[in-house]
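Asks: Quick one, structure for this:
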Amino acid sequence: MTMEQGIPQEDILSPTVFFVYVNDNTANIHKRDNTTSFANDLALLTSEEHDTIVNVRIKRALSPE
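Replies: Now for the predicted structure:
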């Protein structure tokens, strides 16, 4: 099997590489939002009165700088 980029999902380095990537890319998360993680899964928790504001904040958190 040929891989162009990334690492295999079952690779022993997967969680470490994931956390290195995530730790460098949390600057876009709004101060009122929270993140929680387990192993190599990450959840962004946010709430607002209007769905459009939630959508904007999630898109901003997921977009690269």
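Asks: Tell me where the protein has strands.
Replies: Assigned by DSSP state E, the strands in the chain fall at 34-38, 41-45.
Asks: residue ranges for the helices of this protein, please.
Replies: For the chain, helices defined by DSSP state H occupy the ranges 14-24, 51-62.
Asks: Can you add mean pLDDT and mean neighbour count and give those helices back as a markdown table?
Replies: Where you see a C-beta, it was placed from the backbone N, CA and C, and this is true even at glycine. Below are those laid out as a markdown table (pLDDT from 0 to 100; neighbours: other C-beta atoms under 10 Å):
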| stretch | mean pLDDT | mean neighbour count |
| --- | --- | --- |
| helix 14-24 | 70 | 12 |
| helix 51-62 | 84 | 13 |
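Asks: Using CSV, please lay out the ones you listed together with distance to residue 36.
Replies: Formatted as CSV, the helices of the chain follow (distance: least, C-beta to C-beta, whole Å):
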stretch, distance to residue 36
helix 14-24, 12
helix 51-62, 13
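Asks: Would you mind saying which of these lies nearest residue 34?
Replies: Smallest distance to residue 34 across the helices of the chain (C-beta to C-beta): 11.0 Å, for helix 51-62.
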